[in-house]
Every structure is written in C-alpha cells, then in structure tokens.
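*Asks:* Mind folding the following:
(one chain, ligands or ions: 2)
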Amino acid sequence: MKTYLVTGGAGFIGSNYIHYMFKKYGDTIHIINVDCLTYAGNLENLKDIEDKENYTFIKADICDGERMIQIFEENDIDRVVHFAAESHVDRSIKNPDVFVKTNVLGTLNMLNAAKNAWELPDGTFKEGKKFLHVSTDEVYGSLTEDGGYFYETTPYAPHSPYSASKASSDMLVKAYMDTYHFPANITNCSNNYGPYQFPEKLIPLIINNALHGKKLPVYGDGKNVRDWLYVEDHAKGIDMVQEKGRLFETYNIGGHNEKQNIEIIHIILDTLQEMLPEGDPRKALVSEDLITYVEDRKGHDRRYAIAPDKIKAEVGWYPETCFAEGIRKTIKWYFEHEDWMDRITSGDYQKYYEDMYSHR
Ligand code: NAD
Ligand code: TYD
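*Replies:* Numbers count the residues shown, from 1 in each chain. Ligands and ions are numbered 1, 2, ... in the order given. Alright, predicted model coming up:
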C-alpha cells in the first residue's frame, strides 16, 4: 500500500485531491494529511472520509521543520503532494511576511524532511519515492491580450508577493533536483474553481454575494483574463504527472478556457437565474445591478494563459470538464452546501476541529 503525505489537504484543492484519490484508488492507498488549519483550512471539507482507516489527519505546521522530520520518521512515506501555502493574492499585498514564511520556508522544510528520510548513504534516493510540488501559472507573470501562452520554458517574472513566494518555492525545488538529484516534479496550474473553494476567491465570492443580493466587486475594468480549470481536472493532472510524468520535469496544467472576469460574472448570474427554481426568493436578488466596479488590485496581472501541450503529449492529460458544465456543477454544489458557506461566513467552521476532537 502506497503512503501519501499531502500537505494543505484541508484547503480547497487539497481536499478535492484527497476525495479524487480515494475515489480512484479506494483502500489501496493511505493518505496522511498534514495541515495547520489556517483560516483557509476546513476539516469539514473532509467530513465524509475522516473515519476511514486509511486516512490520517495530523495538525501540524510545515514551518516547524523538526515536526516535519518526525512525521517522516514515524511513517514510511512514498509520495509527497505539497499543496500547503498561503494562496490569496489580495492577502499577500496586505501582509507579505506570512507568504514568505509558509510558501518559501515551509517548502524548504518539506524538501529537507523528505530528503532526510529518503536519501541513502551514497547520496542516491530510495527507489520509487516521489515529491510533487503544486505551483501556479502566476510565477510566469502577466501576458498581454494577444501575448501568446505560458510554456514550461517561459522565464519566471512574478509580480505579487504571492507569486514571488511561489516562484521562490519552485526555485528551491528545482535547486534540490539539480543539486541532489532529489526525485521531484513541479506542476504550474491555472486558476481553479469548484466545490470547497473559500469565498474570498472570485467565483465562490460572486456566487455567494449574488445569492444574498450583495454587491459584486469588479476590480479595475473587469477585463483581466484568467484561464479557469475545474478542480477535479487539476487533481487528476497531479496524479497523472506523479505516476506517468518524467521525474525532474515541470508540467503546466491549464484548461484552455480563458475568460475576462466580467464574462465570468455574467455567466454566473445567467446560470444562477437558470438553475434557481421558480418561486425561490433568491431569484429576485440575483441581478446585474449588483455589479460594482471598484479600485483595481495593485500590480494586477492582466492575463494568464497556459499551454498544456507538454502534459498532453507526455502524460495524456487533458481537461475533461468544459466551463459550461463545470460552473453548473459548482453552483449546484454551493446550492446543496449552503450550510457549509454559512459556517464559513459566520466563522463557525473554525470550531469544527475543536468539536471533532473533543468528542473522541
Ligand atoms: P487554500 O488556501 O484553499 O488552502 C491552503 C491549505 O494549506 C489550507 O488548508 C491551510 O490550512 C494550509 N496551510 C497554510 N499554511 C500552512 C502551514 N504553515 N502548515 C500547514 N498547512 C498550512 O489553497 P488552494 O487554493 O487549495 O491552493 C493549494 C495549492 O495550490 C497552493 O500551493 C497554491 O499556490 C496552488 N495553486 C492554487 C490555485 C488556485 O486557483 N487556487 C491554482 C494553481 C495553484
Ligand atoms: P482571484 O480569485 O483572487 O484569483 P487570482 O488573483 O489568483 O487570479 O481573482 C481572480 C480574478 O478576479 C483576478 O483578476 C482578480 C479578480 N477579482 C475581482 O475582480 N473581484 C474580486 O472580488 C476578486 C476576489 C477578484
């Protein structure tokens, strides 16, 4: 049985990845989820699998290097999938320090702990061990409207403290591969959307605000472009890279689904109107009148667009969920999980961990 150490598994993509992996591999894998539960970590995201015998949650901070070494000593880890990070650009503009601490020093700790556990006396690594570092397309900087695509060979040019910290963490992983021949991969993915996304990010924020008749803030002219990928496609891509990709390589993951922010907002409003049943009081609240142009984000990247040619050619991955289908699945999920959203907006979700452990 392969043992996976997943960091940041209580967050948006990490929890979707854990669900995906149990769906795919069932009881043939063991997943250890290491997460310190920042504001973005929510164990409720994993409620339906928390009692599985082949799932273990460890509340720990990746910035605690000794604890990471200890976790590797206590468990024979075969795969690391490293998601844990501070992930929101707006927060990084207000408070960059924690981004450097978690994203750069935390990643260094994960590399050191894995190297310590996996390295043999002759400097080679134990057979079959693999580390996958989950990163973002934002490390490549910003494209103009007609400025082509991000390839794995595109030079790094991050602009926000978030993307600069992720770029630094990628460089450390590359340095470990080059210096020690450390068995790793890096994936750089475009913007994700789907279930369990924290409502500070564009898509869940717009869905939630529209359903409550609250303003829909559009930064700048609303014409910044992001390349949206359904989160389950990302989870699948990560697993395929780790199992079928060439070690030491970087793979870009993207949906070929570029949309301006204002287009996204219109699609969400139209889809909400279409999906809300007649007579539902929220139908009257969902309106284009809620769209409110606000001051632009500082240093706002204009356009991101991934060319996923390499992952398609080498690994056979392609995005399965088109945006029209993905956004409907996402909205349906938020309709069915109103209580999940309410517990986040009220702050109650942070009590889940205490309650869960006080009952055991
Ligand atoms: P998220 O903010 O939803 O979740 C982050 C998780 O990491 C949370 O559970 C949090 O508690 C945990 N965490 C934070 N600091 C920690 C620490 N010091 N120790 C242990 N755990 C800690 O983030 P996400 O959107 O799921 O993103 C996951 C990863 O994917 C990140 O590395 C991000 O850079 C990358 N990524 C995200 C996107 C996107 O669109 N969201 C796109 C490409 C890449
Ligand atoms: P976001 O979801 O924060 O992801 P990222 O900054 O990592 O791409 O933002 C996506 C886009 O939406 C980005 O161009 C900023 C914009 N945006 C708004 O216009 N209004 C908002 O309230 C938010 C959160 C984002």
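
*Asks:* wouldn't Val315 be in contact with Glu249 here?
*Replies:* No: contact criterion C-beta atoms under 8 Å: Val315 and Glu249 do not qualify, at 9.7 Å. Where C-beta positions appear, they are placed from N, C-alpha and C, glycine not excepted.

*Asks:* Show me which of those two is the more surrounded one.
*Replies:* Counted by other C-beta atoms under 10 Å, Val315 and Glu249 do not tie: Val315 has more neighbours, with 21 against 17.

*Asks:* So what does the more buried one have for phi and psi?
*Replies:* Recorded main-chain torsions at Val315 are phi -110, psi -20, according to degrees, to the nearest 10.

*Asks:* Equivalent analysis for Ile32, please.
*Replies:* According to degrees, to the nearest 10, Ile32 has phi -110, psi 120.

*Asks:* hey, what's it bridged with?
*Replies:* Per DSSP bridges, the residues bridged to Ile32 are Leu5, Thr56.

*Asks:* And the residue in the stretch 251-360 of the chain that ligand 2 sits nearest to, how close does it get to ligand 1?
*Replies:* The nearest approach of the stretch 251-360 of the chain to ligand 2 comes at Asn261, 4.5 Å away (C-beta to the nearest ligand atom). The gap separating Asn261 from ligand 1 is 14 Å, by C-beta to the nearest ligand atom, to the nearest Å.

*Asks:* can you pull the contacts of that residue?
*Replies:* Leu202, Val218, Tyr219, Gly222, Lys223, Asn224, Val225, Arg226 (C-beta atoms under 8 Å, 6 or more residues apart in numbering).

*Asks:* mean confidence for the longest helix along the chain?
*Replies:* As assigned by DSSP state H, the longest helix anywhere in the chain is helix 161-180. For helix 161-180, mean pLDDT rounds to 98.

*Asks:* is that helix up against ligand 2 anywhere?
*Replies:* No: using C-beta under 6 Å from any ligand atom, we find that helix 161-180 stays clear of ligand 2, coming within 7.2 Å at best.

*Asks:* List the buried residues of that helix.
*Replies:* Neighbour-count burial for helix 161-180 flags 161-170, 172-174, 176-177 (criterion: 16 or more other C-beta atoms under 10 Å).

*Asks:* From ligand 2, how far out is the single nearest residue of the chain relative to ligand 1?
*Replies:* Closest approach between the chain and ligand 1, counting by C-beta to the nearest ligand atom: Gly11, at 2.0 Å. Distance, Gly11 to ligand 2, using C-beta to the nearest ligand atom: 14 Å.

*Asks:* One more: Ser169?
*Replies:* Distance of Ser169 to ligand 2, computed by C-beta to the nearest ligand atom: 16 Å.

*Asks:* Give me the neighbour count for the nearest residue to that residue once chain neighbours are set aside.
*Replies:* Spatial nearest neighbour of Ser169, excluding adjacent residues (C-beta to C-beta, 6 or more residues apart in numbering): Thr107 at 3.9 Å. A count of nearby residues for Thr107, using other C-beta under 10 Å, gives 26.

*Asks:* just checking, Thr107 touches Met171?
*Replies:* No: applying C-beta under 8 Å as the test, Thr107 and Met171 come out as separate, 9.8 Å apart.

*Asks:* all helices for this protein, in order.
*Replies:* Using DSSP H, the helices of the chain run over residues 12-25, 65-74, 89-94, 97-99, 107-118, 161-180, 202-211, 231-244, 261-275, 309-315, 323-336, 338-346, 352-358.

*Asks:* Distance to Arg303 for those - can I get that in a markdown table?
*Replies:* As requested, those are exported to a markdown table (distance: least, C-beta to C-beta, whole Å):
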| stretch | distance to Arg303 |
| --- | --- |
| helix 12-25 | 22 |
| helix 65-74 | 37 |
| helix 89-94 | 15 |
| helix 97-99 | 23 |
| helix 107-118 | 27 |
| helix 161-180 | 14 |
| helix 202-211 | 15 |
| helix 231-244 | 20 |
| helix 261-275 | 11 |
| helix 309-315 | 18 |
| helix 323-336 | 17 |
| helix 338-346 | 30 |
| helix 352-358 | 38 |
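
*Asks:* looking at those helices, which one has the lowest mean pLDDT?
*Replies:* Lowest mean pLDDT within the helices of the chain: helix 352-358, a mean of 68.

*Asks:* Relative to Tyr230, how far out is Ser165?
*Replies:* Separation of Ser165 from Tyr230 (C-beta to C-beta, to the nearest Å) stands at 26 Å.

*Asks:* whoops, I mixed them up, Asn261
*Replies:* Counting by C-beta to C-beta, the gap from Asn261 to Tyr230 is 18 Å.

*Asks:* now Thr124
*Replies:* 39 Å.

*Asks:* Among the two, which residue is more densely surrounded?
*Replies:* For Thr124 versus Tyr230, neighbours defined as other C-beta under 10 Å are more numerous around Tyr230 (25 against 12).

*Asks:* Quick one: residues contacting the more buried one.
*Replies:* Asn192, Tyr193, Gly194, Gly255, Pro319, Glu320, Thr321, Phe323, Glu325, Gly326, Lys329, Thr330.

*Asks:* Give me the neighbour count for the closest residue to the second one other than its chain neighbours.
*Replies:* The shortest distance from Tyr193 to any residue other than its chain neighbours is 4.4 Å, reached at Ile203 (C-beta to C-beta, 6+ apart). Counted with other C-beta under 10 Å, residues neighbouring Ile203 total 24.

*Asks:* Nice, that's everything, thank you.
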